[in-house]
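S.K.: whatever this is, show me its structure:
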Amino acid sequence: MYTLLAVLISIAVLIIIFRIMFAVSPMFKFFMHGMKGGFLFSEIRFLWPIAVSEYPDKPVALYSSKNLLSKSIAAVSQNAKRNGTVNTDTVQAFLNRLYAYRTRVELDPDNKRGIRHSRFLTKGQKLTVLRKGKGMFSSQVMHSGDRLIISLPLENGQLTVSGGDWLGKKISLYFHRHGDAFYIFDTTVEQSILYNGRNALALTHSNSLLRSQKRTSVRCKCNVPARLFLGAQKNENRLKPETSPGLKCVLEDISEGGALIRIGGKAKTKMLIKLQFQLEGRTVIMYGISKSFEYDESHNESRIHFQCMETKSSFKNIILGYVYKMLPDQNTAVSV
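M.R.: Take a look at the predicted model:
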């Protein structure tokens, strides 16, 4: 009985000691937070002097600072280059963990709540219009004021339903907001009008936008020449550099999880694609599938929404390094 009581008292004392250490020791708090974030002890030890140099009174703030996490990534890369260890599994794994943590901070739902009202739609936003009994149409936002003004919906680039036939109809609008997520909402067509000399529809606004897919990666706009190879690849060839020319294309945005590809001709969905391109002098290869596309008949071009299914950790780290380098500097930290 007394032995059990002594053990319980010892455990209680240890808990109290750890709580006191956590409260009063910035280093202890920093290391515990890092381990909770998935970092190894040696990795946290590497980050400690970086944190102290920037936040001597509160080093744990490193874990919420986009700017300082980016500096930490740069420090790891520079140190590895000096030591000739850039391509080792240890360094690449450390970079993977840092990039993953940096991405979580970037996509913090407390800072990235998306939009809840159609008034926040911007001019030029591309829309998919769903009308029961008629099918699927493409359109875009022309103006967002007291009412939402959109271009007259087209079906495969053709006018198949006149403006008057839309009056009073209930429709659903589906769109992808760049850098955010997919949304859908229901509304009603109030009027068929001319707006800036173009046929358009005036819609009732909605404050019930359904955010259907949260972002899992950070994208940045770019203009990167690339080569595209169509068709299924053998496992051993998927991430092997190609020497044949392939199809020329341009990447208009990129993330670790995919890209927006501009290419000549009309694309298809569910195409298996191998992408090969250069980022800052280094070759990157991604293998995946075309989720959807938009066809511009006047220019005979397609924009393919490409989802990456397979790549190497080293390729992913190159992409993430490029993405975060292209983002605006944000030297901010939030309370932890």
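S.K.: from now on I want contacts and neighbour counts done on CA atoms only, so please keep to that.
M.R.: Noted.
S.K.: what ranges does the chain have for its strands?
M.R.: Secondary structure of the chain, counting by DSSP state E: strands at 126-131, 135-144, 148-151, 170-176, 182-195, 198-203, 210-213, 220-230, 247-255, 258-264, 272-279, 282-296, 301-310.
S.K.: let me have those strands in CSV, extended by mean pLDDT and mean neighbour count.
M.R.: Formatted as CSV, the entries for those read as follows, by pLDDT from 0 to 100; neighbours: other CA atoms under 10 Å:
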stretch, mean pLDDT, mean neighbour count
strand 126-131, 90, 19
strand 135-144, 92, 18
strand 148-151, 96, 24
strand 170-176, 90, 18
strand 182-195, 91, 18
strand 198-203, 95, 20
strand 210-213, 66, 14
strand 220-230, 93, 17
strand 247-255, 94, 18
strand 258-264, 94, 22
strand 272-279, 94, 20
strand 282-296, 92, 19
strand 301-310, 92, 20
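S.K.: figure out which of these is closest to Leu47.
M.R.: strand 247-255 (25.3 Å; CA to CA).
S.K.: what's the closest of the strands of the chain to Asn67?
M.R.: Comparison of those against Asn67 by CA to CA identifies strand 220-230 as nearest, at 16.5 Å.
S.K.: chain center to that closest one, what's the gap?
M.R.: Put simply, strand 220-230 sits 17 Å off its chain's centre (CA atoms, centre = their mean, to the nearest Å).
S.K.: the inter-axis angle of that strand versus strand 272-279?
M.R.: Our comparison of strand 220-230 with strand 272-279, counting by axes from the mean of the first three to the mean of the last three CA atoms, to 10 degrees, yields an angle of 130 degrees.
S.K.: strand partners of strand 220-230, parallel vs antiparallel please.
M.R.: Partner strands for strand 220-230, per DSSP bridges, with pairing direction: strand 247-255 (antiparallel), strand 272-279 (antiparallel).
S.K.: let me have the ones you listed in TSV, extended by distance to Ser77.
M.R.: Below are the strands paired with strand 220-230 laid out as TSV (distance: least, CA to CA, whole Å):
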stretch	distance to Ser77
strand 247-255	20
strand 272-279	16
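S.K.: nearest to Arg177, out of those strands?
M.R.: Evaluated over the strands paired with strand 220-230, closeness to Arg177 peaks at strand 247-255, with 13.3 Å, by CA to CA.
S.K.: so the closest one versus strand 258-264, what angle?
M.R.: 150 degrees.
S.K.: circling back: and the strands of the chain as CSV, adding distance to Thr88?
M.R.: As requested, the strands of the chain are arranged in CSV below (distance: least, CA to CA, whole Å):
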stretch, distance to Thr88
strand 126-131, 43
strand 135-144, 48
strand 148-151, 53
strand 170-176, 38
strand 182-195, 38
strand 198-203, 56
strand 210-213, 35
strand 220-230, 27
strand 247-255, 23
strand 258-264, 25
strand 272-279, 20
strand 282-296, 16
strand 301-310, 20
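S.K.: many thanks, I have nothing further to ask.
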